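> Sequence and predicted model, in that order:
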Amino acid sequence: MKTIELKVDGLCCSDCAIKVENVLKATRGVTDIKTLITTGVAILMGEAVPPEFENNNKS
């Protein structure tokens, strides 16, 4: 299982986190997601996380 951390600008409340989670959970290959409001990060887990997320993860 792959794990990818994504920086999410504007992630400031639980309502925002729920919206982000709902969109990302609908993404092919993503099986679970956790959002961290305090750090503005979404952690995606899945068997086949889409490559565009991996590319955005690089600093």
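Looks like it arrived, so ask away.
> C-alpha from now on. contacts and neighbour counts both.
Fine.
> any idea which helix is longest in the protein?
With secondary structure taken from DSSP state H, the chain has its longest helix at helix 14-25.
> what's it in contact with?
Contact partners of helix 14-25, identified using CA atoms under 8 Å, 6 or more residues apart in numbering, comprise 11, 30-37.
> roughly how far is it from the heart of the chain?
Helix 14-25 has its average C-alpha position 9 Å from the chain's average C-alpha position, going by CA atoms, centre = their mean, to the nearest Å.
> What are the buried residues along it?
Of the residues in helix 14-25, those buried by neighbour count under the rule 16 or more other CA atoms under 10 Å are 17, 20-21, 24-25.
> what would the contacts of helix 14-25 look like in TSV with distance to residue 43, secondary structure and neighbour count?
Below are the contacts of helix 14-25 laid out as TSV (distance: CA to CA, whole Å; DSSP: H, G, I helix; E, B strand; the rest coil; neighbours: other CA atoms under 10 Å):
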residue	distance to residue 43	secondary structure	neighbour count
11	13	coil	21
30	10	coil	20
31	11	coil	17
32	8	strand	13
33	6	strand	18
34	5	strand	16
35	6	strand	22
36	8	strand	16
37	11	coil	16
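> Which one of the residues you listed is nearest to residue 49?
The shortest gap between residue 49 and any of the contacts of helix 14-25 belongs to residue 30, at 5.7 Å (CA to CA).
> Next up, the contacts around the closest one.
Residues in contact with residue 30, defined by CA under 8 Å, 6+ apart, are 24, 44-49.
> hang on, residue 44 is in a strand, isn't it?
Yes - using DSSP: H, G, I helix; E, B strand; the rest coil, the assignment for residue 44 is a strand.
> so it bridges to which residues?
In this entry, residue 44 is beta-bridged to residue 4, residue 33, by DSSP bridges.
> so how far does stretch 31-51 reach from one end to the other?
Across its full length, stretch 31-51 reaches 15 Å end to end, with CA to CA, to the nearest Å as the criterion.
> So what touches that stretch?
Residues from elsewhere that reach stretch 31-51 (CA under 8 Å, 6+ apart): 1-14, 17, 20-21, 24-25, 28-30.
> Make a markdown table out of the contacts of helix 14-25 and add distance to residue 53 and pLDDT.
Conversion of the contacts of helix 14-25 to a markdown table gives the following (distance: CA to CA, whole Å; pLDDT from 0 to 100):
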| residue | distance to residue 53 | pLDDT |
| --- | --- | --- |
| 11 | 17 | 91 |
| 30 | 10 | 90 |
| 31 | 14 | 92 |
| 32 | 14 | 93 |
| 33 | 13 | 95 |
| 34 | 15 | 95 |
| 35 | 15 | 96 |
| 36 | 17 | 96 |
| 37 | 19 | 95 |
